[in-house]
Structure formats: C-alpha cells, structure tokens
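**Student:** sequence and computational prediction follow.
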Amino acid sequence: MNDTPTTPTTPMPTPAMPTAARGLLADKVAFVTGAGRGIGAASARLFAREGARVLLAARTEHQLKAVTEEIRAAGGTADYVVCDLADPTSVQAAVDRCVRLYGRLDVAFNNGATGQPPGPMDQLSQADFDHVCAVNFKGPWLAMTAEIAAIRATARRGAIVNTSSVGSLMGNPELPAYGAAKRAVNSLTASAAVTYGPEDIRVNAIAPGTTLTEMLHEWDAKSPGTIEQLNALTPLGRAADPEEIAQAAAWLLSDRSSYVTGTVLRVDGGMRA
C-alpha cells in the first residue's frame, strides 16, 4: 500500500470560446458597395452572419432594401444607403452615414462595378469608356479615400478589400476597358497597402473568375456561349457562386489575415493557374 500523501490537483480553467465561434467579423462595422445584388449582396449577408454590423450601399434602392430586410429577418444588423460610385459627394456621404449610424468603420468591401458592352476596343464608345472608368476605377479610389479617413478617425486600424477581376490579369479582348480599369484597381490596391500599412490599415483585392452574377448573365445574353467557354478554361469546370467569392473577401477583412496586405487574391477556380 502506498501511503505517500497526494497533492490536490488544481482544476484546469475552462478555455475561452474561440474567436471563430463568435464569427469571423464579430464586433466589426462593415461598409459594402455594390451590395444590392451579386457578390455584394452575398457578402453583406455573409458579413452579417459572421457578426458584423453592415451598411449596404448601391444605386438601386429596392434591391438594397430587400437584402437589408433579409439580413434583419435572419437576426443580423444592417442598414442601407443609396450611393452612386461615380459621384464623389455621394460616396463621401455614404461613408459618413456608416460612421453616424454605427459609431465607427472597421472594414470596407469596395465591390461596386459596372460592365461594358462586350466587343473589341475600337467598337467601344467614348461615353461607355468614361462610365466604366468612372465607376470601376475612380469609384474605388473615392471610396478608399473616404474609408481610410473614417478608419483613422474611429477604429484606428482596419482592412479594405477591392473587387478586381481575373480579367485584369490577362488580355481581355471582349471587355478591354473593364479589364484595364480593374488592372488599375490592382495598382491602386498595392499603392494603398504600402502607404497605409504603417497605420495598421491593410488593403487587398480579390480577382474573381467566372461568377454567376447578373453582370455575367447579361454578358452571356449579349455574347451567347460565354459562360460555357469560360467554364471550359477553368480547371474546376464550373462558375463560382457569389458566396464563394464573398468568403474570400470575409477572410481578407478578418483578423485571420492579419499579415496579408497588398495582394490580389485570385478566386478563379484555377483559371490563371
């Protein structure tokens, strides 16, 4: 028989609930442009499910209202503001509304975009070219400028993600102005990452491949067979659902990607592998 006295064992403390269980974007305020449909709407829904308070922005109020009501019905926190990305006053007002509504800005997803009539460069009108550049290039610049100021003044650290396109990483004969504007966004993203990294503001972009959005279906309607042709160039053999793109944006905006900045993340099913 062993009569050696034993020392009572101190119970181990119960581990705290992991951050993931609280949601990828828990306690963050998120601003999302182009949030009325497609990738933007999917992202607004996802960000809210992941714990963010979300302000949706786009031009079409009935779409924004529908997505906002859907988020609220699911228990999320969301509101919306009508915003024209080609209008500097409108963009600044939307970001200001976010700060007034929620008290700060932590993360922003600049996803709003417009397409162009598909076809060769010499067949694109100057008006269409100017519109594509105003929304797809100048729009993200305007948004980032306002968002960085808001993050500085409130949360003091944060993250921004811009939506680029896999079409910005190669020649894009069907959508030349669109591809050029998105390539410019890649450069703007890198410049912002270098400039604002010392302030703990991360800036990245995602480059979606073929994604089943209204914009893609409009392109396919004007150039029948486009989706099939793009899927044939994609190793996964299919188009993405918008939520698959939203998942990548959520990760880049979250603290899980805290050492990632200045990158263009391809979410393209291997198209550019």
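**Tutor:** Perfect, thanks for sending it. Numbering: from 1, shown residues only.
**Student:** can you give me the buried ones in stretch 240-247?
**Tutor:** Ala240, Pro242, Glu244, Ile245, Ala246, Gln247 (16 or more other CB atoms under 10 Å). Quick note: C-beta positions are derived from backbone N, CA and C, even for glycine.
**Student:** the third one contacts Val267, correct?
**Tutor:** Same thing as Glu244. Yes - taking CB atoms under 8 Å as the definition, Glu244 is a contact partner of Val267 at 7.0 Å.
**Student:** returning to what we had before: of the buried residues of stretch 240-247, which belong to helices?
**Tutor:** Per DSSP state H, helices hold the following members of the buried residues of stretch 240-247: Pro242, Glu244, Ile245, Ala246, Gln247.
**Student:** how much space is there between the last one and Ala113?
**Tutor:** Meaning Gln247. Distance, Gln247 to Ala113, using CB to CB, to the nearest Å: 19 Å.
**Student:** now for this structure, the helix or strand with the poorest mean pLDDT.
**Tutor:** helix 19-22 (a mean of 54; mean pLDDT, DSSP states H and E).
**Student:** return the member of the buried residues of stretch 240-247 nearest to Val194.
**Tutor:** Ile245 (25.2 Å; CB to CB).
**Student:** so that closest one makes contact with Ile206?
**Tutor:** Yes - proximity of Ile245 to Ile206 meets the contact threshold set by CB under 8 Å, at 6.6 Å.
**Student:** residues shared between the contacts of those two?
**Tutor:** Listed as contacting both Ile245 and Ile206 by CB atoms under 8 Å, 6 or more residues apart in numbering are Val267.
**Student:** longest strand anywhere in this protein?
**Tutor:** Secondary structure of the chain per DSSP state E: the longest strand is strand 201-208.
**Student:** could you point out the helix or strand that follows that strand?
**Tutor:** helix 214-222 (DSSP states H and E).
**Student:** what is the orientation angle of that following helix with strand 201-208?
**Tutor:** Computed with axes from the mean of the first three to the mean of the last three CA atoms, to 10 degrees, the direction of helix 214-222 lies at 30 degrees from that of strand 201-208.
**Student:** just put the buried residues of stretch 240-247 in a markdown table and tack on pLDDT and distance to Ala57.
**Tutor:** Shown next, in a markdown table, are the buried residues of stretch 240-247 (pLDDT from 0 to 100; distance: CB to CB, whole Å):
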| residue | pLDDT | distance to Ala57 |
| --- | --- | --- |
| Ala240 | 95 | 23 |
| Pro242 | 96 | 17 |
| Glu244 | 97 | 22 |
| Ile245 | 98 | 18 |
| Ala246 | 98 | 16 |
| Gln247 | 98 | 21 |
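**Student:** closest to Arg53 among those?
**Tutor:** Ala246 (16.7 Å).
**Student:** tell me the secondary structure of the residue nearest the centre of the chain, please.
**Tutor:** Centroid-nearest residue in the chain: Phe109, 3.6 Å away (criterion: CA atoms, centre = their mean). Following DSSP: H, G, I helix; E, B strand; the rest coil, Phe109 is assigned to strand.
**Student:** cool, Asn162 as well?
**Tutor:** Per three-state DSSP, Asn162 ends up strand.
**Student:** before we move on, the earlier item: tabulate the ones in helices among the buried residues of stretch 240-247 in a markdown table, adding columns for distance to Ala146.
**Tutor:** Formatted as a markdown table, those follow (distance: CB to CB, whole Å):
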| residue | distance to Ala146 |
| --- | --- |
| Pro242 | 25 |
| Glu244 | 28 |
| Ile245 | 23 |
| Ala246 | 22 |
| Gln247 | 26 |
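**Student:** let me know the next secondary structure element after the least confident helix or strand of the chain.
**Tutor:** strand 29-33.
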